[in-house]
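J.: Take a look and give me a structure for this.
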Amino acid sequence: MGNRLRVSDRVLLDESELQEHFVRAPGPGGQNVNKVATAVQLRWDLLRSPSVPEDVRDRLKRLAGRRLSTDGVLIIEAHRFRSQAGNREDARRRLFELIRAASVVPRKRKATKPTAASRERRLEQKRVRGAVKRGRSLREED
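T.: The predicted structure follows:
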């Protein structure tokens, strides 16, 4: 069992669940770019992780989008910085922000009726718009 990382109130992530691969970064970088693997590819098996409650996992699947592979691995690539340490920190920060966002339980929407005034405003706008359109179709002969 590795180091435990507190992500949110409900999620304690085991560091051993994270896999980091360092690769060469795309884009400009001078003489170093072809020699040093500074970009990081952070992989986390979301579907098999025991650290995440089921409701958070479902929301995380939706939030992850293209970053979630077909076998359920969340992949985050970071190459903003010129150092491995900076990119590693950036990838972890982005993963944790994603998990925190998924940890927030969305509030249920309470169905409400439109007020009488708002219904009247809507109908008045429809009458005005209809009058404008009718005015366009009526041709006056001079």
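J.: mind listing the helices in this protein by residue range?
T.: Under the criterion DSSP state H, helices of the chain are mapped to 54-64, 84-103, 116-137.
J.: Tell me which residues of stretch 91-110 come out buried.
T.: 91-92, 94-96, 98-99, 102-103 (16 or more other C-beta atoms under 10 Å). Where you see a C-beta, it was placed from the backbone N, CA and C, and this is true even at glycine.
J.: if we can go back for a sec, can you put the helices of the chain in JSON lines and add distance to Arg48 and mean pLDDT?
T.: Putting the helices of the chain into JSON lines (distance: least, C-beta to C-beta, whole Å; pLDDT from 0 to 100) gives the following:
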{"stretch": "helix 54-64", "distance to Arg48": "10", "mean pLDDT": "82"}
{"stretch": "helix 84-103", "distance to Arg48": "15", "mean pLDDT": "85"}
{"stretch": "helix 116-137", "distance to Arg48": "49", "mean pLDDT": "94"}
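J.: Quick one, which of those gets closest to Phe22.
T.: With respect to Phe22, and counting by C-beta to C-beta, the nearest of the helices of the chain is helix 84-103 at 5.9 Å.
J.: Centre-most residue in this protein?
T.: The chain has Leu63 as the residue nearest its centroid, 4.4 Å off, counting by C-alpha atoms, centre = their mean.
J.: so that one touches Leu98, yeah?
T.: Yes - between Leu63 and Leu98 a contact is recorded at 6.0 Å, counting by C-beta atoms under 8 Å.
J.: State the pLDDT value of the residue nearest to Arg122 when sequence neighbours are not counted.
T.: Nearest residue to Arg122 in three dimensions, chain neighbours excluded: Pro114, at 7.7 Å (C-beta to C-beta, 6 or more residues apart in numbering). Note on Pro114: pLDDT of 93.
J.: Please renumber the chain so that the first residue is 33 from this point on.
T.: All set: I'll call the first residue 33, so the last point we hit is now Pro146.
J.: Burial check on Pro146, number of neighbours?
T.: Pro146 has 10 neighbours, counted by other C-beta atoms under 10 Å.
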